[in-house]
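Chemist: Give me coordinates for this.
(one chain, ligands or ions: 2)
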Amino acid sequence: MEPVLIFDTTLRDGAQGENISFSPEDKIKVAQRLDDMGIHYIEGGWPGSNPAADRFFELARSTEFVTARITAFGSTRRQGIPAEEDANLKALVACGSPAITIFGKTWDLHVVDIMGNTLSENLAMIEESVAFLKGHGREVLYDAEHFFDGYRANPEYAVKTLSAALSGGADIIVLCDTNGGTLPHEVTEILETVKAALDAETGRDIRMGIHAHNDCSVAVANSIAAVQAGAIMVQGTINGYGERCGNTDLTSVIPILNLKLKRPCVSAENLKKLKPLSRFVSETSNMIPLASRPFVGKSAFAHKGGVHVSAVMKEPLSYEHIDPEDVGNRRRVLVSDQAGRSNIEYKAKEMGIDLDAPEFDSKRIVNEIKMLEQEGYQYEVADGSFKVLMDKFLLQYEPVFDLESFRVTIEKDKDRPCTSHAIVKVNVGGVSEITAAEGHGPVSALDNALRKALSRFYKELETMHLVDFKVRVMDGRGGTEAKVRVLIESRDGDDIWSTIGVSEDIIEASFEALADSFQYKLAKKK
Ligand SMILES: CC(=O)SCCNC(=O)CCNC(=O)[C@H](O)C(C)(C)COP(=O)(O)OP(=O)(O)OC[C@H]1O[C@@H](n2cnc3c(N)ncnc32)[C@H](O)[C@@H]1OP(=O)(O)O
Ligand SMILES: CC(=O)C(=O)O
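Modeler: Ligands and ions are numbered 1, 2, ... in the order given. As a prediction, this is how the structure comes out:
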């Protein structure tokens with residue numbers, strides 16, 4: 001059976017998603033990662049539509065791609081002019097990509113009502129545009145826009161548009177669910193019928209592809225249905241980015257094809273690059289990675305319920321449909337008020353804590369954690385504080401400092417922005433230290449003052465930074481007296497950890513999270 005070809009359109013359809021844009025240099029970096037993953041086609045953009053698209057193709061011409069064919073995207077010629085005079089088609093040829101995808105109209109509604117065209121001129125536009133590009137020696141993929149809607153409205157005409165593309169010499173016919181309103185059973189039925197008709201008409205096994213949008217949340221299911229109905233190409237994007245609700249998420253399609261349907265489209269070794277690729281594309285496009293994204297999300301193999309963790313510790317298959325490492329992901333165990341003993345034992349093991357120590361009474365620890373979670377602590381997102389807490393439970397806690405007092409002041413003058421100052425008094429091994437510092441806001445001032453006080457004793461603090469600070473009001477009904485939960489993320493080189501503080505006073509909650517962060521860092525060194 002022919003392997004399924006993966007066509008990535010992150011850099012074109014993905015970039016049509018809200019809040020997503022790539023510089024030409026970003027696009028090249030993403031394209032190189034896609035190539036490294038073994039993706040077959042990379043659609044870089046629409047030449048002539050904007051300077052960034054043109055610059056991408058210029059850069060792509062001098063970049064070596066090992067497996068991927070760079071593909072340019074554009075429309076059929078404008079109505080009423082010969083293909084060779086059409087600026088868009090000329091730009092497609094000039095960009096130098098070895099493959100070109102052009103989209104044309106299938107749906108009579110679009111031909112007549114939207115474009116003000118005639119049905120016959122539309123067929124001529126499709127055939128002549130494909131023939132023009134083939135005449136320049138390019139592989140041509142024909143994207144039949146709105147194919148499924150067009151087919152439902154006027155099946156005979158919809159199939160004629162595909163025949164026109166084939167007469168022009170199209171290499172692959174891609175059926176597009178442009179509005180994303182089609183369901184998997186319709187994809188199966190329509191693709192099978194249309195392929196049979198085209199095969200019979202041409203006497204060939206026509207190579208078909210699918211391009212699905214996710215407006216009904218079934219773009220992946222539609223793409224898989226298409227493959228099972230005979231398609232040999234899936235178009236989609238990394239993380240499902242794309243116009244409106246997005247495109248087919250290739251981070252699901254690829255592992256489904258490889259691991260479930262046994263139709264490998266990338267090597268097993270490359271499949272392990274899937275999660276890093278997903279994260280790279282999120283970072284490059286400045287989108288927050290979706291934790292619950294199947295296969296590649298942070299939570300895709302995260303176990304929280306005690307029943308699950310207990311079973312997974314005995315046999316991972318009990319609550320995991322694949323081995324997370326096959327897609328470059330990893331198993332995580334969360335500690336929360338839904339935890340049982342197994343979660344604690346698993347986490348302790350991960351942290352190198354001796355489960356057989358006499359102080360290790362996981363049942364007592366679970367109960368105490370549940371009580372703390374009732375008060376608002378949430379250890380599943382605060383690994384640093386969880387470690388500090390475990391040290392306390394196991395009588396291994398050696399405070400790296402004792403707080404004697406702190407004071408924070410905020411000043412606002414009529415004509416000047418707010419300024420914050422903090423004074424901190426700590427005791428380290430019997431030596432008192434008092435320091436003052438200012439900062440961009442009270443937490444920053446407190447962080448600076450505490451760091452200044454401790455750095456006299458601990459030089460290693462120089463490399464540690466606070467990278468994120470989040471505050472959540474836990475019970476809105478208390479108004480300004482409600483409890484708040486502060487989460488702080490700190491970093492030292494590649495090591496990142498989170499700590500938590502809870503109080504009715506936001507400064508006290510922040511101090512608690514800061515103190516845990518310093519404790520985690522310095523105790524780890526010890
Ligand atoms: C389903 C899809 O995702 S298709 C891809 C959609 N992506 C984009 O549109 C992003 C890039 N697009 C652009 O930068 C611009 O739209 C451009 C440069 C391509 C065109 O810009 P403009 O010439 O100003 O046209 P505009 O965007 O207003 O309208 C699109 C034109 O393309 C025409 N057109 C649409 N589809 C086709 C087609 N398949 N074949 C020929 N012409 C087409 C429309 O009729 C319209 O022409 P009109 O202005 O004469 O009515
Ligand atoms: C071609 C394309 O992007 C679509 O029809 O959705």
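Chemist: which residues touch the residue in the stretch 301-450 of the chain that ligand 2 sits nearest to?
Modeler: At 26.3 Å from ligand 2, residue 327 is the closest residue in the stretch 301-450 of the chain, using CB to the nearest ligand atom. (Each C-beta comes from the backbone N, C-alpha and C, glycine too.) Residue 327 makes contacts with 255, 271-272, 274-275, 295-296, as judged by CB atoms under 8 Å, 6 or more residues apart in numbering.
Chemist: mind redoing it with 10 Å?
Modeler: Going by CB atoms under 10 Å, 6 or more residues apart in numbering, residue 327 touches 251-252, 254-255, 258-259, 271-275, 277-278, 294-296, 300-301.
Chemist: go on, residue 302?
Modeler: 291-292, 308, 324, 329-334, 380.
Chemist: quick one: residue 175 and residue 149 touch, right?
Modeler: No - here residue 175 lies out of contact with residue 149, judged by CB atoms under 10 Å, at a distance of 11.0 Å.
Chemist: residues bridging contact with the two, i.e. touching both?
Modeler: Common neighbours of residue 175 and residue 149 are listed as 106, 158, 182 (criterion: CB under 10 Å, 6+ apart).
Chemist: In helices only, show me the residues you listed.
Modeler: Judged by DSSP state H, helices contain the following of the shared contacts of residue 175 and residue 149: residue 158.
Chemist: Settle it for me: which of residue 175 and residue 149 has more neighbours?
Modeler: Remark: of residue 175 and residue 149, residue 175 carries more neighbours, 31 against 20, as counted by other CB atoms under 10 Å.
Chemist: how about that one, what does it touch?
Modeler: 106, 142-148, 150-151, 158, 162, 182, 187, 190-191, 194-195, 208-212, 222, 226, 231.
Chemist: Residue 323: how many residues sit nearby?
Modeler: Neighbours of residue 323 (other CB under 10 Å): 13.
Chemist: residues touching it, list them.
Modeler: 259, 301, 316-317, 329, 331.
Chemist: Give me the buried subset of the residues you listed.
Modeler: 259, 301, 329, 331 (16 or more other CB atoms under 10 Å).
Chemist: what pLDDT does the second one get?
Modeler: Confidence at residue 301, expressed as pLDDT, is 97.
Chemist: And residue 490, which helix or strand is it part of?
Modeler: strand 484-492 (DSSP states H and E).
Chemist: Please read the previous query as pertaining to residue 90.
Modeler: According to DSSP H and E, residue 90 maps onto helix 87-94.
Chemist: now that helix, how far from the centre of its chain.
Modeler: 33 Å (CA atoms, centre = their mean, to the nearest Å).
Chemist: Now do it: everything it contacts.
Modeler: 46-49, 53-54, 57, 72-78, 81-84, 86, 100-102, 128-129, 132-133, 135-138, 140.
Chemist: what's the worst-scoring helix or strand of the chain on mean pLDDT packed up against?
Modeler: Scoring the helices and strands of the chain by mean pLDDT, DSSP states H and E places helix 341-350 at the bottom, with a mean of 85. Packing contacts for helix 341-350, counted by 3 or more CB pairs under 10 Å, 6 or more residues apart in numbering; DSSP states H and E, involve strand 302-303, helix 306-314, strand 332-333, helix 362-375, helix 383-393.
Chemist: Go again with 7 Å.
Modeler: Of the remaining helices and strands, those touching helix 341-350 by 3 or more CB pairs under 7 Å, 6 or more residues apart in numbering; DSSP states H and E are helix 306-314, strand 332-333, helix 362-375.
Chemist: picking that back up, mind putting the contacts of residue 323 in TSV, distance to residue 489 included?
Modeler: Shown next, in TSV, are the contacts of residue 323 (distance: CB to CB, whole Å):
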residue	distance to residue 489
259	33
301	22
316	29
317	33
329	21
331	22
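Chemist: gap between the residue sitting furthest away from the middle of the chain and residue 401?
Modeler: Most distant residue from the mean C-alpha position of the chain: residue 430, 49.3 Å away (CA atoms, centre = their mean). From residue 430 across to residue 401, the span is 11 Å (CB to CB, to the nearest Å).
Chemist: quick revisit: right, so the helices and strands packed on helix 341-350: which one is the most enclosed?
Modeler: strand 332-333 (a mean of 20; mean count of other CB atoms under 10 Å).
Chemist: what are the pairing partners of the helix or strand residue 7 falls within, and which direction each?
Modeler: Using DSSP H and E, residue 7 falls within strand 5-8. Here strand 5-8 is paired, per DSSP bridges, with strand 41-45 (parallel), strand 233-236 (parallel).
Chemist: Mean neighbour count, the ones you listed: which tops it?
Modeler: Comparing the strands paired with strand 5-8 by mean count of other CB under 10 Å gives strand 233-236 as most buried, with a mean of 28.
Chemist: Is ligand 1 within reach of that strand?
Modeler: No - Strand 233-236 is not in contact with ligand 1 by CB under 6 Å from any ligand atom; minimum separation 11.0 Å.
Chemist: hmm, back to that, please list which of the contacts of residue 175 also come close to ligand 1.
Modeler: Checking the contacts of residue 175 against ligand 1 (CB under 6 Å from any ligand atom), the matches are residue 145.
Chemist: Whichever of the contacts of residue 175 end up buried, select them in PyMOL.
Modeler: Of the contacts of residue 175, the buried ones can be selected in PyMOL as follows, counting by 16+ other CB under 10 Å:
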select buried, resi 106+142+143+144+145+146+147+148+150+151+158+162+182+187+190+191+194+195+208+209+210+211+212+222+226+231
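Chemist: Let's see which of the contacts of residue 175 end up in strands.
Modeler: 142-145, 208-212 (DSSP state E).
Chemist: what angle sits between the least confident helix or strand of the chain and helix 362-375?
Modeler: 100 degrees (axes from the mean of the first three to the mean of the last three CA atoms, to 10 degrees).
Chemist: Contact residues of this protein facing ligand 1?
Modeler: 16, 46, 49-50, 75-76, 78, 103-105, 115, 145, 178, 243.
Chemist: if we go to 8 Å?
Modeler: 12-13, 16, 46, 48-50, 73-79, 88, 102-105, 110, 114-117, 125, 129, 143, 145-146, 176, 178, 243 (CB under 8 Å from any ligand atom).
Chemist: pretty sure residue 251 is touching residue 275, no?
Modeler: No - taking CB atoms under 7 Å as the definition, residue 251 is not a contact partner of residue 275, at 8.1 Å.
Chemist: overlap in contacts of the two?
Modeler: By the contact definition CB atoms under 7 Å, 6 or more residues apart in numbering, residue 251 and residue 275 are jointly contacted by residue 296.
Chemist: Burial check on the residue in the stretch 351-500 of the chain that ligand 2 sits nearest to, number of neighbours?
Modeler: Nearest residue of the stretch 351-500 of the chain to ligand 2: residue 468, at 36.0 Å (CB to the nearest ligand atom). By other CB under 10 Å, the residues close to residue 468 number 11.
Chemist: List the contacts of it.
Modeler: By CB under 7 Å, 6+ apart, the neighbours of residue 468 are residue 489.
Chemist: can you rerun that using 8 Å?
Modeler: 487-489.
Chemist: Going through those residues, which ones are buried?
Modeler: Burial by neighbour count, 16+ other CB under 10 Å: within the contacts of residue 468 this picks out 487-489.
Chemist: Now render the residues you listed as JSON lines, adding distance to residue 67 and pLDDT.
Modeler: Putting those into JSON lines (distance: CB to CB, whole Å; pLDDT from 0 to 100) gives the following:
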{"residue": "487", "distance to residue 67": "42", "pLDDT": "93"}
{"residue": "488", "distance to residue 67": "43", "pLDDT": "94"}
{"residue": "489", "distance to residue 67": "37", "pLDDT": "92"}
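Chemist: can you list the residues you listed in TSV and add distance to ligand 2?
Modeler: Shown next, in TSV, are the buried ones among the contacts of residue 468 (distance: CB to the nearest ligand atom, whole Å):
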residue	distance to ligand 2
487	40
488	43
489	38
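Chemist: State the distance from residue 8 to ligand 1.
Modeler: For residue 8, the distance to ligand 1 equals 15 Å [CB to the nearest ligand atom, to the nearest Å].
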